[in-house]
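Participant: Sequence first, predicted model second:
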Amino acid sequence: MSSQAQKKKKRYFKLINQIPRQELFSPGHGLCAGCTAGTIVRHLLKAAGPNTIVVNATGCVEVSTTTYPYTSWRVPWLHLAFENAAAAASGVETAIKVLQRKGVIDPNKKINIVVLGGDGGTYDIGFQALSGMLERGHNVMYVLYDNEAYMNTGIQRSGSTPLFAWTTTTPAGKVWRGERRPKKPIAEIVAAHRVPYVATTNPAYPLDMLNKFKRGLIVEGPTFVHVLQPCPTGWRFDPRYGIKIARLATETGMWVNWELDHGEFDVTVPVPRRKHVKHYLRMQGRFKHLTEEEIEEIQKWVDQEVERINKMVGRQVIGPVEE
Ligand SMILES: Cc1ncc(C[n+]2csc(CCOP(=O)(O)OP(=O)(O)O)c2C)c(N)n1
C-alpha cells in the first residue's frame, strides 16, 4: 500500500467535533488534580467504545478509579498484578476466540481488548508478559501511560525516568544528579518484536492520540500505543500545566509523536522549528537542580535523537532549535 493510501485510511478523526460524546470513563475518580492519565483514559474509551474489556495493571489509574465500592469504568474491567497484565489479556483474548468459535458469543461481534499499564508495570516489571503477548501474536492493544516513575507508591525511578530527573530513589545532590541514564526506548523494543502497529502519542494532541488508539484497535494482532503522561505530583508542576508541558515535550523534541504501521515509519506531528529543551525542563520541579551544562547535555542528547528520527523518516520532519 502506498503511504498516501495508508495515511488516508488511518485518520479516523479529523476534527475535534468527531470525537464520540459518549463518556465511558466516569468523573468522580480519585486521580490527582490535573493528572493527565484521566484525559488519556477518557479518550481511549471514546476511541474504543462500549464493546471493550480493559485489563489494568496495578498503578495510579487502577487504585484511583476503583475505590471500593465505586468504579469509574463503564466497560468490563479487570485488575491484574504488575507482572501479568499482558498475560491475563492474552487469556481473555483466547477465551473470547474460543467462545466465539463455539457460538456462545456472537462470532461477528468485535470485542476490543486493551491493556492499560504504567511505565513501572511495562518497562520493568510487566515486560516479560508483554514480550510474550507480542511474540504469541494476540489481538490486544497495549496502552502504556508513561509518567516516567512509579508514581502510585511515591515517585520511585523506573526504566522510563529521563536523564537527570529527580525521583525519591534518584535524589539530586552534590554526588547524585538525579537519574543517571536516558529513558529506555520501549516503543522501539516493542517494534523489534515485528508487531504490526506501534505508536507514540501525547494528550496535547488529542486527534493524534485518538487516531492512534483507533488504529491500534483496528489493526489485527498485537499493537502498542505509548502515551506521555505528565504527572503534576511527581514532576512537580502546577496542576494547570499538564497539557502545556505535554505540548512542550513534543515542541522541544524531548518526545516525538511517531507511528510504525506495517513497517512504514512516520512522524505524525512534525515540528518544523524546535524549541530549546530548557522550556520543557524549567517548568518542572523534578529538573530544578539542573545546571546550564546539564541542560545542554540533555539538549545534545535530544539533538542526536532528532537526527536519528529524521534519518529514519528520510526527510527533516523535526527542525533545528530556534530558541
Ligand atoms: C510486584 C509488585 N511490586 C510492587 C508493587 C507495589 N506497587 C503498586 S503500584 C506501584 C507503582 C506503579 O508504577 P507504574 O507502573 O509506573 O504506574 P503509576 O503508579 O505511575 O501509574 C508499585 C511499586 C506491586 N503491586 N507489585
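Facilitator: Yep, that arrived.
Participant: CA atoms only for the longest helix along the chain, dumped as PDB, please.
Facilitator: Determined from DSSP state H, the single longest helix within the chain is helix 292-313. Provided in PDB are the C-alpha atoms of helix 292-313 (Å, rounded to 0.1, in the frame of the first residue of the first chain):
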ATOM      1  CA  GLU A 292      23.200  25.100  32.400                       C
ATOM      2  CA  GLU A 293      25.700  22.400  31.500                       C
ATOM      3  CA  GLU A 294      23.400  19.600  32.400                       C
ATOM      4  CA  ILE A 295      20.600  21.200  30.400                       C
ATOM      5  CA  GLU A 296      23.000  21.400  27.400                       C
ATOM      6  CA  GLU A 297      23.800  17.700  27.900                       C
ATOM      7  CA  ILE A 298      20.100  16.900  27.600                       C
ATOM      8  CA  GLN A 299      19.800  19.200  24.600                       C
ATOM      9  CA  LYS A 300      22.700  17.400  22.900                       C
ATOM     10  CA  TRP A 301      21.100  14.000  23.600                       C
ATOM     11  CA  VAL A 302      17.800  15.300  22.100                       C
ATOM     12  CA  ASP A 303      19.600  16.700  19.000                       C
ATOM     13  CA  GLN A 304      21.100  13.200  18.400                       C
ATOM     14  CA  GLU A 305      17.700  11.500  18.800                       C
ATOM     15  CA  VAL A 306      16.100  14.000  16.400                       C
ATOM     16  CA  GLU A 307      18.800  13.400  13.800                       C
ATOM     17  CA  ARG A 308      18.200   9.700  14.100                       C
ATOM     18  CA  ILE A 309      14.400  10.100  13.700                       C
ATOM     19  CA  ASN A 310      14.800  12.400  10.700                       C
ATOM     20  CA  LYS A 311      17.100   9.800   9.100                       C
ATOM     21  CA  MET A 312      14.500   7.100   9.700                       C
ATOM     22  CA  VAL A 313      11.700   9.200   8.000                       C
END
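Participant: List of residues touching it?
Facilitator: 162-164, 177, 182, 252-254, 256, 258, 265-267, 274, 276-278, 281, 290, 316-318, 321 (CB atoms under 8 Å, 6 or more residues apart in numbering). No exception for glycine: its C-beta is placed from N, CA and C like everyone else's.
Participant: For the stretch 101-250 of the chain, which residues score under the pLDDT cut-off?
Facilitator: Low-confidence segments of the stretch 101-250 of the chain (pLDDT under 70): none present.
Participant: Which part of it gets nearest to the ligand, residue-wise?
Facilitator: Residue nearest to the ligand within the stretch 101-250 of the chain: residue 118 (2.3 Å; CB to the nearest ligand atom).
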